[in-house]
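Asker: Need coordinates for the following:
(one chain, ligands or ions: 1)
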Amino acid sequence: MTEALLKYFRTKEQEVKSEKRYDSQCPYCSMQCKMQLVEQSVVSRKKYITIGKDNPTSEGRLCVKGMNAHQHAFHKERLKHPLVKVNGEFVRVSWEEALNHIKENFMKIQAESGQNALAVYGSASITNEEAYLLGKFARVALKTKYIDYNGRLCMSAAASAANQTFGLDRGFTNSLAEIPSTRCIILAGTNIAECQPTIMPYFERAKENGAYLIAIDPRETATTKIADLHLKPKPGTDAVLANGLLKVIIEENYVDEKFIQERVNGFEDVKEYVTSLSIEEIEKITGVPIPLIRKAAVRFGKEETGMIFTARGVEQHTNGSMTVRNFLNILVSTGKIGRPNCGYGAITGQGNGQGAREHGQKADQLPGYRSIENEQHRNYVASVWGINEEDLPRKGVSAYEMMEKIDEGEIEGLFLMCSNPVVSHPNAHFVKEAIKKLTFFVAVDLFVSETARLADVILPASSYLEDEGTMTNLEGRVTLREASFPCPGEAKHDWQIICELARVLGKEEYFSFSSAEEIFTELRTASRGGTADYFGITYERLRKEGGILWPCPSTDHAGTTRVFERSFAHSNGKAAMVVVPNIPEIPKEQLCDEFPLFLTTGRVMSHYLTGVQTRKSPALAARNIEPFMEIHPVTAAKFQIPDQSLVKIESRRGSVVVRSKWSETIRHDTIFVPFHWADSQNINLLVSKKLDPECKMPGFKVSAVKVSPAVDFLT
Ligand code: SF4
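Answerer: You can find the predicted model right below:
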């Protein structure tokens, strides 16, 4: 297919003189599709076409984002030189000037206010090597406890739930190749057709093989359209719906008693709780009719094999981790885990959502998924790093809590790597005002993002086409992304920037790396013996084998295709079920006369995260040039909102103006707005600061709002 496309372009463009091909990997979602960038020299210019490359995960497929990813990498607004703000304007400076300016300010802040007055904020889009190095930089070079990253806003609920239920968090417990052979699949809060389009054929093949697909989503989407059964719960009630499914499964005896007896703790408490619940009450809370709850539960329970997938739709809530745990309760009680064609997958959003949470960027973690509060773990990592255990800081706070500490003045300086918190965080106006209060702020990015605009120094980073390193996809498969081009201008790789900064801060001995591979070699040792053990993975093997699923404890180990076959990762070897309260999320965000609609947020296919890269890609920007508000025509009539008109959406936190889009398929009490736009179109201005107490995930998916025609805006 892709070769045919190339042939078409060749015949249409007879002037093509020569062609070069570069192996690469898409920088966007967690499928991490392998690709080739084809550079064609024509008479007066170079042109680029991206085609898919065969590999075990995406099997040569690409979606529209991957096909156009090179457009942002070659964009004329790419940062090519360090910039320092002078009298409110960014001025080009040399690297040494920029680094010395940072050194002076960082040292002054720490001398006056202590080591924890500096903070580091990372990203789940950077490579494993860079995520690892950033964690080491915070703890060894800056000696601060404050480091966290944007994955906190994405994958933390699923990670926390998997760790608590299974004792280990690998995005998918199996490889994708098993999906087509499973008999029943629950897709809870995931719109894979828009967010990870190249995964879709696995589910389509499962359907062709007779699998029954159950989708759980308040909206009708391209994903729910392929489902055999679509449950549309009220936003924020997924945990209650899972209780309903579990109640039917237990009462109608679809549990796997042998599996429970041998491999599960906590079942009896859950059984006692869910059987005491009223199914009528569950119907009332969720809005899902009892016959549909029963149909879904019986189907999942009675099939011999089954899988459950969750994503941000059920995770980005202030009870997200408990919601996922309740879906895992279903999986574990039916014994559909640890054997062929049975398992759990958290469909990770960001490109390195899996790897970036394993090697030390999280506030409470050390490499290999070790805990920063565990003495044995601290001693091991300190020995790898060549420092004393007592010099290793303790755990810090989560991403949004760091913003609160900035607002309170406890954090005065920030080193931000490839992230855009003023757009991505909830309560976004507060976050922007907090960041403006920083005494000194350094941003590393490809572009002057909405957050980088507020920085004192911006350092130019490398894009996916220039930056070699490993990424870990949604399966837990470690892959190597080769570099294709040199960095433009004076831009540097993120790992080089960290090493250079460590050098001027006098910590060169801990950061004397001259390649990504050297960093990976240290990462392998630092992860050795941890739950996410990469020790057996090498660049040489990745080049030869294409990708390896962790844990891989030795160089002669093939990697682990399916986890939990014999035991779970808790010390007793058992999975831990837990009672999940039968209450909807955030009582204060329940509908009321003043705020009568639920706002839920999400993605569109052509954009990625806060749009810093995809809004720079003309082909992607053209598909969705602005955000929109999806609203049912009945609801729109009630609030006098014509189709395609400007509408003001208000919550207790603020307001935005976007264009309306009538949709017959959304619930009458819910509106949907995508989150890829900034400034006055940033929907996160409306989202509450309340966090999940377990994992500190904000509640992006439920805000109580009101809507009205944007009359003020027009006059
Ligand atoms: Fe593949 Fe995801 Fe990139 Fe699309 S966005 S090409 S599905 S990695």
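Asker: so where's this protein shaky on pLDDT?
Answerer: Residue ranges of the chain with pLDDT under 70: 1-15, 586-588, 712-715.
Asker: What residues does it have near the ligand?
Answerer: In this structure, the chain approaches the ligand at residues 26, 28-29, 31-33, 58, 62-63, 65-66, 196-198, judged by Cβ under 6 Å from any ligand atom. Every residue, glycine included, has its C-beta placed from N, CA and C.
Asker: Apply 5 Å and report the result again.
Answerer: Taking Cβ under 5 Å from any ligand atom, the part of the chain that reaches the ligand is made up of Cys26, Tyr28, Cys29, Met31, Cys33, Leu62, Cys63, Lys65, Gly66, Thr198.
Asker: residue ranges of the strands in the stretch 501-650 of the chain, please?
Answerer: All strands of the stretch 501-650 of the chain, identified by DSSP state E, counting those that start in this stretch, fall at 548-549, 575-576, 597-602, 628-631, 646-650.
Asker: Same list, the residues of the chain next to the ligand, but as CSV with neighbour count please.
Answerer: Converted to CSV, the residues of the chain next to the ligand look like this (neighbours: other Cβ atoms under 10 Å):
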residue, neighbour count
Cys26, 25
Tyr28, 25
Cys29, 27
Met31, 28
Cys33, 29
Leu62, 23
Cys63, 24
Lys65, 25
Gly66, 26
Thr198, 22
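Asker: Keep only those of the residues you listed that are in helices.
Answerer: Lys65, Gly66 (DSSP state H).
Asker: from the residues of the chain next to the ligand, which is closest to Asp364?
Answerer: Proximity of those to Asp364, judged by Cβ to Cβ, is greatest for Cys29, which lies at 25.9 Å.
Asker: Disregarding flanking residues, what is the spatial nearest neighbour of that closest one?
Answerer: Leaving aside its sequence neighbours, Cys29 sits nearest to Gln196 (Cβ to Cβ, 6 or more residues apart in numbering; 5.1 Å).
Asker: of all of the stretch 351-500 of the chain, which residue lies closest to the ligand?
Answerer: Using Cβ to the nearest ligand atom, the closest approach of the stretch 351-500 of the chain to the ligand is made by Gly351 at 6.9 Å.
Asker: these two touch, right, that residue and Cys33?
Answerer: No: contact criterion Cβ atoms under 8 Å: Gly351 and Cys33 do not qualify, at 10.1 Å.
Asker: shared neighbours of the two, anything?
Answerer: Common neighbours of Gly351 and Cys33 (criterion: Cβ atoms under 8 Å, 6 or more residues apart in numbering): Cys26.
Asker: measure Ser18 to the ligand for me?
Answerer: Ser18 sits at a distance of 26 Å from the ligand (criterion: Cβ to the nearest ligand atom, to the nearest Å).
Asker: And for Val324?
Answerer: For Val324 relative to the ligand (Cβ to the nearest ligand atom), the value is 22 Å.
Asker: Name the nearest residue to that residue, ignoring sequence neighbours.
Answerer: Ala161 (3.5 Å).
Asker: And whichever strand or helix holds that neighbour, what does it pack against?
Answerer: Assessed by DSSP states H and E, Ala161 sits inside helix 156-166. Counting contacts by 3 or more Cβ pairs under 8 Å, 6 or more residues apart in numbering; DSSP states H and E, helix 156-166 packs against helix 320-333, strand 343-346, strand 575-576.
Asker: can you give me the angle the longest one makes with helix 156-166?
Answerer: Note on geometry: by axes from the mean of the first three to the mean of the last three Cα atoms, to 10 degrees, helix 320-333 and helix 156-166 are set 40 degrees apart in direction.
Asker: Only the C-alpha atoms, please, for helix 320-333, written as PDB.
Answerer: Taking C-alpha atoms only, helix 320-333 is exported to PDB below (Å, rounded to 0.1, in the frame of the first residue of the first chain):
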ATOM      1  CA  GLY A 320      -9.800   7.400  38.600                       C
ATOM      2  CA  SER A 321      -7.500   4.900  40.300                       C
ATOM      3  CA  MET A 322     -10.400   3.300  42.200                       C
ATOM      4  CA  THR A 323     -12.400   3.100  39.000                       C
ATOM      5  CA  VAL A 324      -9.600   1.200  37.300                       C
ATOM      6  CA  ARG A 325      -9.200  -1.000  40.300                       C
ATOM      7  CA  ASN A 326     -12.900  -1.900  40.000                       C
ATOM      8  CA  PHE A 327     -12.400  -2.900  36.400                       C
ATOM      9  CA  LEU A 328      -9.400  -5.000  37.500                       C
ATOM     10  CA  ASN A 329     -11.700  -6.600  40.200                       C
ATOM     11  CA  ILE A 330     -13.900  -7.800  37.300                       C
ATOM     12  CA  LEU A 331     -10.900  -9.200  35.400                       C
ATOM     13  CA  VAL A 332      -9.400 -10.900  38.500                       C
ATOM     14  CA  SER A 333     -12.600 -12.400  39.800                       C
END
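Asker: What helices and strands are in contact with that helix?
Answerer: helix 156-166, strand 184-188, helix 238-251, helix 257-263, helix 267-276, strand 306-310, helix 312-315, strand 343-346.
Asker: now the helix holding Ala161 and strand 306-310, what's the angle there?
Answerer: Angle of helix 156-166 versus strand 306-310, following the same axes, to 10 degrees, is 140 degrees.
Asker: Give me the contacts around helix 156-166.
Answerer: So helix 156-166 is contacted by 168-171, 173, 310-311, 315-317, 320-325, 328-329, 332, 344, 346, 357, 398, 563-564, 568-570, 575-578, 692, 694-697 (Cβ under 8 Å, 6+ apart).
Asker: Most proximal residue of the protein with respect to the ligand?
Answerer: Relative to the ligand, the nearest point of the chain is Gly66 (2.4 Å; Cβ to the nearest ligand atom).
Asker: Quick check, that residue in contact with Met35.
Answerer: Yes: at 5.8 Å, Gly66 counts as touching Met35 under the criterion of Cβ under 8 Å.
Asker: which residues do those two both contact?
Answerer: Common neighbours of Gly66 and Met35 (Cβ under 8 Å, 6+ apart) are Cys26, Thr50, Gly52.
Asker: out of those residues, which one sits closest to Ser123?
Answerer: Cys26 (16.0 Å).
Asker: Return the residues in contact with the closest one.
Answerer: Per Cβ under 8 Å, 6+ apart, neighbours of Cys26: Gln32, Cys33, Met35, Leu62, Lys65, Gly66, Ala69, Gly351, Tyr464.
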